[in-house]
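Engineer: Could you work out the structure for the sequence below:
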Amino acid sequence: MHRPIFLFLLATLVALVPYVSQAATPDEQVAVLLDEVWQYRLQEYPESATRSGVHVANDRLTSISLADSARRAAQSEAFLTRLRAIDPEALGSAARLERDLLLRELSNNLAEHSFRQELLPIDGRSGFHIEFPELPDWVPLRTVKDYENYVARLRAFPAQARGYVELMREGVRAGITPPAVILEGFEESITAHLVSSPQTSLLYKPFKNFPATISPADQERLTEAGRKAIAEAILPTYEFFLRFMTDEYVPACRTSVGALALPGGRDFYRFRVRKFTTLDTTPEEVHQRGLAEVQRIRSEMARVIERVGFDGDFAAFVQHLRTEPRFYAESDEQLLAACAAILKRADGELPTLFGALPRMPYGLKPVPAYIAPKTTAAYYMRPNGDGTKAGFFFLNTYDLRSRPLYMLEALALHEAVPGHHLQIALQQELEGLSPLRQNGGFTAFVEGWGLYAERLGLEMGFYEDPYSDFGRLSMEIWRACRLVVDTGLHYNGWTRDEAIAFMTENSALSLHNIRAEVDRYIGWPGQALAYKTGELKIRELRGLAEQRLGERFDVREFHDVVLRNGAVPLDVLERLVNEWLEEQRVAHEAPAADSPIVR
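Structural biologist: From the prediction side, this is the model:
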């Protein structure tokens, strides 16, 4: 799964823009607004700008406060009003799509603000304090100015942290806090950065390896500036945040686990279901869909158990998988090497399934040790927009007995290729998309594509070993279980133990992974619904195309159609695929240019 911080920043984008001349055509008005909101966003969210490859505010961090949240919401409302004033019927198809997508994004943003979700900036596995130490991995560090910008951002960290604490204190006052259970062990993500010396901080890493183009004198000056910034700004801030979490925040967090306990919780969760599925559906419908998928996949898993000749039921087979040493790597290096071999095979198969492939490369890294215990099996980090940083697939090597090798093929295909890296890097390179769309997207598409990519492994020669195929099905049923568990927790009043029991009974995940997953769903209501919902829609559309086109169906062309507009809502994707199918029908029925037949 890829990281949430970038999509969160995009989801909160807003604009206060000048008047657009009434003389402009509707298409031109859309284009002007898109450019203005992009330029606004670059200034308002400096980290997002840097990740997008636009270096206009590399020395700043995003300003965080209650006043900032209110200001951005007001600006978002004003911008949305102007966008709605443009008649969609007067637009060309491309401009209409841009308008509709931005309208949905901003509407979601305002709904999030109405439920005061900015007061929940951290959970058990993510937050500013976890993400900031990754700064050296995505900022440019090639020139003296780059290093000076980096030091300036280190110096800006205390103010940003105080802003987040302001939001969290307001959350306590308003009764909007995360469940205490998902913050258990939070200390590890903070104390990892309370080092005895600035030189041992992760944030000191850039000063250990300067580019050769920076003079020795500048290196010495910048190193001292970095050391002082870490000593005077970073370490005291982490000490302050640890005290705040220990003494104030965690003791005030709620004991309930579901979204129903939040103010307006039932309406909030129904909104989240629509937002993350991008469909007009309900929690009840999603829950039933999940139960049906779990039952279907369990039947497929039973056939695999029979195929390997195991003498026992599903629970016994899962217990066998969890305890048999041959299914687990003996070292971090072995796990990473096995994954790298899978990715090399996958790279070679891509031209058989795709006409368009991204130019940007990707790499494989272990999940950083300071977040690994509370992080799930893997995630993906997108490339920088300017091409200076590759995409990376992060594989969790913590507790190797919870990282089964038989799931590795499906996991690798999901996170790298043909999954997240292929889709996201290609989107960043698509011509004709606004920068907002090149760098954003909708979770149901992004994660639905990742799960669909796992299934593509069947067409790429993977899962030949029955245990690996069981691993694929285990990954799929994991996502089906999410439909049941997320709605169970946040709408049906399930307890954490009930959610863990359902996952344990119906998946082959390790107990460590199951607990981490359930805590993730508790802390991020609705997001877990995106994966299976998106995959089902893409598979439905492929089946429709295969049925209508028959022998003329080309999987490469279908994939290019799905991917060529970036990560769009699922109802929009359905419309785009149907338009393509209609074009195919018309082209097939039309006579050749030199044909005497007139129709």
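
Engineer: Any stretches of this structure with poor pLDDT?
Structural biologist: Low-confidence segments of the chain (pLDDT under 70): 1-23, 591-599.

Engineer: In terms of residue numbering, what are the domains of it?
Structural biologist: Residue ranges for the structural domains of the chain, counted by automatic domain parsing, are given in the record as 9-115, 121-255, 269-535.

Engineer: most neighbours per residue, which of those domains?
Structural biologist: Neighbour counts (mean count of other C-beta atoms under 10 Å) averaged over each of the domains of the chain peak at domain 269-535, with a mean of 20. Backbone N, C-alpha and C define where each C-beta goes, glycine included.

Engineer: now do the same end-to-end measure for that one.
Structural biologist: Here the two ends of domain 269-535 are set 21 Å apart, with distance taken as C-alpha to C-alpha, to the nearest Å.

Engineer: which helices and strands does whichever strand or helix holds residue 363 pack with?
Structural biologist: Residue 363 is part of strand 362-366 when elements are defined by DSSP states H and E. Using 3 or more C-beta pairs under 8 Å, 6 or more residues apart in numbering; DSSP states H and E as the contact criterion, the elements in contact with strand 362-366 are helix 332-349, strand 391-395.

Engineer: quick one, which of these is nearest to residue 229?
Structural biologist: The closest approach between residue 229 and any of the helices and strands packed on strand 362-366, judged by C-beta to C-beta, belongs to strand 391-395 at 25.8 Å.

Engineer: Mind giving me the packing neighbours of the closest one?
Structural biologist: Strand 391-395 sits against helix 332-349, strand 362-366, strand 378-381, helix 408-415, helix 420-429, with contacts defined as 3+ C-beta pairs under 8 Å, 6+ apart.

Engineer: strands paired with it, and their directions?
Structural biologist: Using DSSP bridges, the strands paired with strand 391-395 in its sheet are strand 362-366 (parallel), strand 378-381 (antiparallel).

Engineer: Against residue 471, how distant is residue 159?
Structural biologist: Spatial separation of residue 159 from residue 471 under the definition C-beta to C-beta, to the nearest Å is 46 Å.

Engineer: ah, wrong one, I meant residue 225
Structural biologist: Using C-beta to C-beta, one obtains 49 Å as the distance from residue 225 to residue 471.

Engineer: One more: residue 253?
Structural biologist: Between residue 253 and residue 471 the distance, using C-beta to C-beta, works out to 36 Å.

Engineer: and what of residue 290?
Structural biologist: As defined by C-beta to C-beta, residue 290 lies at a distance of 20 Å from residue 471.

Engineer: could you say what helices and strands the longest helix along the chain packs with?
Structural biologist: The helix spanning the most residues in the chain, taking DSSP state H as the definition, is helix 144-174. Packed against helix 144-174 by the contact rule (3+ C-beta pairs under 8 Å, 6+ apart) you find helix 66-84, helix 128-131, helix 135-138, helix 216-229, helix 235-243.

Engineer: Redo those helices as JSON lines? Include distance to residue 561.
Structural biologist: Putting these into JSON lines (distance: least, C-beta to C-beta, whole Å) gives the following:
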{"stretch": "helix 66-84", "distance to residue 561": "27"}
{"stretch": "helix 128-131", "distance to residue 561": "35"}
{"stretch": "helix 135-138", "distance to residue 561": "32"}
{"stretch": "helix 216-229", "distance to residue 561": "49"}
{"stretch": "helix 235-243", "distance to residue 561": "47"}
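
Engineer: So which of these is nearest residue 480?
Structural biologist: Closest among the helices and strands packed on helix 144-174, once you apply C-beta to C-beta, is helix 128-131, at 28.8 Å.

Engineer: before we move on, the earlier item: with distance to residue 151 added, can I get the helices and strands packed on strand 362-366 in a markdown table?
Structural biologist: Putting those into a markdown table (distance: least, C-beta to C-beta, whole Å) gives the following:
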| stretch | distance to residue 151 |
| --- | --- |
| helix 332-349 | 33 |
| strand 391-395 | 25 |
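
Engineer: Quick one: closest of those to residue 181.
Structural biologist: strand 391-395 (25.0 Å).

Engineer: Run through who's touching that closest one.
Structural biologist: When contacts are taken as C-beta atoms under 8 Å, 6 or more residues apart in numbering, the neighbours of strand 391-395 outside the stretch itself are 335-336, 339, 343, 360-368, 377-383, 411-412, 415-416, 420-421, 424-425.

Engineer: try 6 Å this time
Structural biologist: Residues from elsewhere that reach strand 391-395, judged by C-beta atoms under 6 Å, 6 or more residues apart in numbering: 339, 362-365, 367, 378-383, 415-416, 421, 425.

Engineer: In a markdown table: the helices and strands packed on strand 391-395, plus distance to residue 389.
Structural biologist: Compiled in a markdown table, the helices and strands packed on strand 391-395 are given as follows (distance: least, C-beta to C-beta, whole Å):
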| stretch | distance to residue 389 |
| --- | --- |
| helix 332-349 | 18 |
| strand 362-366 | 10 |
| strand 378-381 | 9 |
| helix 408-415 | 17 |
| helix 420-429 | 11 |
